[in-house]
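Asks: Here you go, sequence then predicted model.
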Amino acid sequence: MSDTAEIVGAGRPCRGCGQRVEDAARFCAHCGTPASGAGLMAAAPGTSPGRDVFCRACGRAINSMARTCPGCGAPQAARGGEGEKSRIAAGMLAIFLGGFGIHKFYLARPFQGILYVLFCWTLIPALVGFIEGIAYLCMSDTGFARKYG
């Protein structure tokens, strides 16, 4: 077997990450690198990605795991990625268990959560947690993801 990789499927490898880029794509769907003809890497093993979602900006069919759209370069929302927090879960935790700061631990704010636990006997954290829960539920998904995601 030779050291050069055999081309599998359609497309060419990205010069930034080595993932397959469609011939018509202007950007790599995996890393967002502009997919110009110059400076492409040597062929890397891999297959053409499946298409089962649509770009949030241009509506083009893209791979469900794509970080950016290969057609327009728009970043896609993280799908089941690490660090993604649910706005609804945070709101419900704040409303029902906010007096103990459970929502702060869920949102990766342990110092604030410890403060809630230390002062839970005053009932002030319960009131603040209830108000924060309503605020989380009223916040837009993008605003919540920008602040806590």
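Replies: Thanks, I have the structure now.
Asks: Please report phi then psi for the residue lying closest to Ala126 once chain neighbours are set aside.
Replies: Excluding the flanking residues, the one nearest Ala126 by CB to CB, 6 or more residues apart in numbering is Gly99, at 3.2 Å. All C-beta spots, glycine's among them, are computed from the backbone N, C-alpha and C. Main-chain dihedrals, Gly99, degrees, to the nearest 10: phi -60, psi -20.
Asks: Can you check what pLDDT the model gives Gly99?
Replies: Per-residue confidence (pLDDT) for Gly99: 94.
Asks: residues contacting Pro34?
Replies: Residues in contact with Pro34, defined by CB atoms under 8 Å, 6 or more residues apart in numbering, are Arg26, Phe27, Cys28, Gly73.
Asks: and the residues you listed, which are buried?
Replies: Phe27, Cys28, Gly73 (16 or more other CB atoms under 10 Å).
Asks: mind listing which of the residues you listed are in helices?
Replies: Using DSSP state H, no member of these falls within helices.
Asks: JSON lines please, covering those residues and showing distance to Val21 and pLDDT.
Replies: Below are those laid out as JSON lines (distance: CB to CB, whole Å; pLDDT from 0 to 100):
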{"residue": "Phe27", "distance to Val21": "8", "pLDDT": "76"}
{"residue": "Cys28", "distance to Val21": "5", "pLDDT": "76"}
{"residue": "Gly73", "distance to Val21": "12", "pLDDT": "79"}
